[in-house]
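Novice: model the structure of this input:
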Amino acid sequence: MAQYRKKPVVIDATRWFKNGDHPLDYRNDFDGQERKRLNWEGDAVRRYRDPFVFGATPCRHCGNIMHVHGWIDTLEGGHIVCPGDWIIRGVQGEFYPCKDEIFKLTYDPVEAQHGDNA
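Specialist: Numbers count the residues shown, from 1 in each chain. Take a look at the predicted model:
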């Protein structure tokens, strides 16, 4: 079997704990701040909804109730976002969730270069 090395790519990532945590939530329209004030769902991570899963049902991934979870649409389809997951912006500008344990094994912080606004 052939082996491959993951290309070194710098990514943007934000750890998500609750609705509205992602810095790009409430960005898309003129009433974003009003939507945030009303605690409406965000733009990057939406509220988790499933008509067949009761909100008090424990998550099979993290054990928290489903009511506190998010949902994110990815290029491969939708994914549940557990509190504590990282939201990564991919190389095509798409967003996807990553479990904290996997994130820590896969990514290292990037030191800000002189002149960066990071």
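
Novice: just give me the residue closest to the centre of the chain.
Specialist: What sits nearest the mean C-alpha location of the chain, by C-alpha atoms, centre = their mean, is Ile87, with 2.7 Å.

Novice: tell me which element that one falls in.
Specialist: With the criterion set as DSSP states H and E, the secondary-structure element containing Ile87 is strand 86-89.

Novice: what packs against that strand?
Specialist: Contacts defined by 3 or more C-beta pairs under 8 Å, 6 or more residues apart in numbering; DSSP states H and E place strand 86-89 against strand 12-15, strand 95-98, helix 100-106. All C-beta spots, glycine's among them, are computed from the backbone N, C-alpha and C.

Novice: that one pairs with which strands?
Specialist: Neighbouring strands of strand 86-89 in its sheet, by DSSP bridges, are strand 12-15 (antiparallel), strand 95-98 (antiparallel).

Novice: all helices for the chain, in order.
Specialist: 32-37, 100-106 (DSSP state H).

Novice: comparing those, which yields the minimum mean pLDDT?
Specialist: Among these, helix 32-37 carries the lowest mean pLDDT, a mean of 72.

Novice: CA-only coordinates of that one in PDB, if you can.
Specialist: Extracted in PDB, the C-alpha atoms of helix 32-37 (Å, rounded to 0.1, in the frame of the first residue of the first chain):
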ATOM      1  CA  GLY A  32     -27.300  40.100  11.900                       C
ATOM      2  CA  GLN A  33     -26.900  41.900  15.200                       C
ATOM      3  CA  GLU A  34     -30.700  41.800  15.700                       C
ATOM      4  CA  ARG A  35     -30.700  38.000  14.900                       C
ATOM      5  CA  LYS A  36     -27.900  37.500  17.500                       C
ATOM      6  CA  ARG A  37     -29.800  39.600  20.100                       C
END
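
Novice: buried ones in it?
Specialist: If you call a residue buried by 16 or more other C-beta atoms under 10 Å, then helix 32-37 has these buried ones: Arg35.

Novice: re the thing from before, so in terms of bridging, what pairs with the residue nearest to the centre of the chain?
Specialist: With DSSP bridges as the criterion, Ile87 is bridged to Thr14, Pro97.

Novice: give the contact list for the closest residue to Ile65 other than its chain neighbours.
Specialist: Among residues not flanking Ile65 along the chain, Ala56 sits closest, at 5.2 Å (C-beta to C-beta, 6 or more residues apart in numbering). Neighbouring residues of Ala56 by C-beta atoms under 8 Å, 6 or more residues apart in numbering: Ile65, Met66, His67.

Novice: many thanks, we can stop here.
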